[in-house]
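**Q** Fold the stuff below for me.
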Amino acid sequence: MKIVCYGVRPIEEPYFEKLNKYDFDLKLVTEFLTDDNVDEAKGMDAILIRGNCAASAKNLKIFAEDYGIKYVFTRSVGYNHIDLKAAKELGIQIARVPNYSPYAVAELAMTLGMQLFRHTSIATTDSAAGNFKVTPNLFSKEIHSSTVGIIGAGKIGTAEARLYSGMGTKVLASDSHPSKQAAEYVEFEPLDDVLAKSDIVSVHIPYFPGENENFIDVDFLKKMKKSAILVNTARGEIADTKAIVEAVKNGEIAGYAGDVTVDEKDIMGHQFDSVDDIPNADVRDLVKLYPKVLLTPHMGSFTEPALEDMISISFENFHETFTTGTNKNVLEYEG
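**A** Numbers count the residues shown, from 1 in each chain. Below is the predicted model:
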């Protein structure tokens, strides 16, 4: 079976080859799927994409009607980059990777939170400029005697809670479906209480288009401590970027860290000559607030264990579908 894989970084290529135990005929494409490189799929039996690939109705129609491709899988947990309604109408099977190493994102979230909490981003910026003074803005609490709030205590949120609890930190959590596993490391409380009590708030909720855009809004931010840090490694769409910019500028929160932004297809994976060239004005304003704001290029899952999970599970999805017609990770449109 011939599979074209979009968005494969050069460093990932050896893993695709090493983990290809079913001997698929792989075509590895570095670029994300866009309207301009749809033809890379011509002659293929199936397609593997990742987040920020444009699996739009237009491109899915080309795959199905022009190339006869009926399988478009993603090696990501999220699938808001895929038009599921169009896929169903075109008879295209969609599948995802339901989970991978939760510590990949959890460790990054904790790292970003601790950088802001201990002001290391400010300190290293100063020292890089030759300033080695211990200034008042480097004064800090200690994490073992502080409180961390986890919003969304699923696998990733629970993994981060476990990391913090290992340092003696009190961890609170807000989740609509509290789990027994998470309860080993967190105390569940209502969202407002978690926001009011936490020194670091880390968000791990999924994005549901049309339902929870701007979940992190003006009211959310006002409920946090003015000394608190906010970390978002979930999705850019769940946060009101302009509200976060204003909250940091006005001292309503002490800092913000994100591994995600809005308009990621136009930002992540690109190198701009200047911050002023970033196409989204609110993201530009956010970047300019460094070092009180830290942004990383959606690198949370960019670890060896996570990558191996994503590739291996994707290959299992394809093998199961090619041999039985379906697989346990198929996504259905529910309109």
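
**Q** any idea how far residue 109 is from residue 208?
**A** Going from residue 109 to residue 208 by CB to CB, to the nearest Å gives 20 Å. For glycine as for every other residue, the C-beta is placed from the backbone atoms N, C-alpha and C.

**Q** do the same with residue 158
**A** 20 Å.

**Q** And the two? Which one has more around it.
**A** Neighbours were counted for residue 158 and for residue 208 using other CB atoms under 10 Å; residue 158 has more, 25 against 13.

**Q** which residues does that one contact?
**A** 102, 150, 179, 181, 182, 185, 186 (CB atoms under 8 Å, 6 or more residues apart in numbering).

**Q** Can I get the buried part of those residues as one ChimeraX selection?
**A** Selection command for ChimeraX covering only the buried members of these, criterion 16 or more other CB atoms under 10 Å:
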select :102,150,179,182,185,186
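
**Q** Dump the contacts of residue 158 to JSON lines, plus pLDDT.
**A** Below are these laid out as JSON lines (pLDDT from 0 to 100):
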{"residue": "102", "pLDDT": "96"}
{"residue": "150", "pLDDT": "98"}
{"residue": "179", "pLDDT": "95"}
{"residue": "181", "pLDDT": "95"}
{"residue": "182", "pLDDT": "97"}
{"residue": "185", "pLDDT": "98"}
{"residue": "186", "pLDDT": "98"}
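
**Q** Sort out which of the contacts of residue 158 are in helices and list them.
**A** 102, 181, 182 (DSSP state H).

**Q** which one is the last one nearest to, not counting chain neighbours?
**A** Just to be clear, that refers to residue 182. residue 153 (4.0 Å; CB to CB, 6 or more residues apart in numbering).

**Q** Residue 16 - that's part of a strand, no?
**A** No. Checked against DSSP: H, G, I helix; E, B strand; the rest coil, residue 16 lies outside a strand; its state is helix.

**Q** Local confidence estimate at residue 334?
**A** On pLDDT, residue 334 comes in at 83.

**Q** what about it, neighbour count?
**A** 7.

**Q** Over to it: give its phi and psi.
**A** Here is the backbone geometry of residue 334 (degrees, to the nearest 10): phi -120, psi 80.

**Q** Let me have the ones in helices among the contacts of residue 158 in JSON lines, adding distance to residue 220 as columns.
**A** JSON lines is the format used below for the ones in helices among the contacts of residue 158 (distance: CB to CB, whole Å):
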{"residue": "102", "distance to residue 220": "24"}
{"residue": "181", "distance to residue 220": "26"}
{"residue": "182", "distance to residue 220": "21"}
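
**Q** And the contacts of stretch 23-42?
**A** With CB under 8 Å, 6+ apart as the test, stretch 23-42 has contacts from 1-10, 13, 16-17, 20, 44, 47, 49-50, 52-56, 58-59, 62-63, 66-67, 69, 265, 269, 315, 318.

**Q** now, which of these lie within helices?
**A** Reading helices off the contacts of stretch 23-42 with DSSP H, I get 13, 16, 17, 58, 59, 265, 315, 318.

**Q** So which of those residues wins on neighbours?
**A** When neighbours are counted by other CB under 10 Å, residue 59 leads these with 23 neighbours.

**Q** Can you report how many residues neighbour the nearest residue to that residue once chain neighbours are set aside?
**A** Distances taken as CB to CB, 6+ apart put residue 38 closest to residue 59, at 5.2 Å, once the chain neighbours are dropped. Using other CB under 10 Å, residue 38 is surrounded by 21 other residues.

**Q** Residue 207: what's it in contact with?
**A** Here residue 207 is in contact with 78, 80, 213, 234, 235, 237, 238 (criterion: CB under 8 Å, 6+ apart).

**Q** run the last query once more with 7 Å
**A** Residues counted as contacts of residue 207 (CB atoms under 7 Å, 6 or more residues apart in numbering) are 78, 80, 234, 235, 237, 238.

**Q** Just the element for the second one, please.
**A** Same thing as residue 80. Assessed by DSSP states H and E, residue 80 sits outside every helix and strand.
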